[in-house]
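[1] below is the structure, and that's it, no one-letter string:
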């Protein structure tokens, strides 16, 4: 029996860094940052916050696999 069947909450979701309304900024286990959920307003405020306080982060949109913010 595998451990993940005993504890279904443990997964590859990563660590939630911050919430912006309904949007979540998540650091995945492979050290990528994803912005999940939220309205366009929530996502815009998250991207503004990221540009000011986490400017070294490269944001990945789940499902697309591409960066939404340029890497320096």
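    Okay, I see it. Remember, it's a predicted structure, so these values are computed and weren't measured experimentally.
[2] how far does stretch 14-29 stretch from start to finish?
    End-to-end span of stretch 14-29 (C-alpha to C-alpha, to the nearest Å): 5 Å.
[3] from now on call the first residue 158
    Okay, residue one is now 158; in that scheme the one you just asked about reads as stretch 171-186.
[4] can you show me the strands along this protein?
    Under the criterion DSSP state E, strands of the chain are mapped to 172-177, 180-184, 190-193, 216-217.
[5] hmm, who's touching the second one?
    By that I understand strand 180-184. Residues from elsewhere that reach strand 180-184 (C-beta atoms under 8 Å, 6 or more residues apart in numbering): 170-176, 190-196, 199-200, 203, 207. Every residue, glycine included, has its C-beta placed from N, CA and C.
[6] can you put the strands of the chain in JSON lines and add mean pLDDT and mean neighbour count?
    Formatted as JSON lines, the strands of the chain follow (pLDDT from 0 to 100; neighbours: other C-beta atoms under 10 Å):
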{"stretch": "strand 172-177", "mean pLDDT": "93", "mean neighbour count": "14"}
{"stretch": "strand 180-184", "mean pLDDT": "92", "mean neighbour count": "19"}
{"stretch": "strand 190-193", "mean pLDDT": "90", "mean neighbour count": "19"}
{"stretch": "strand 216-217", "mean pLDDT": "80", "mean neighbour count": "20"}
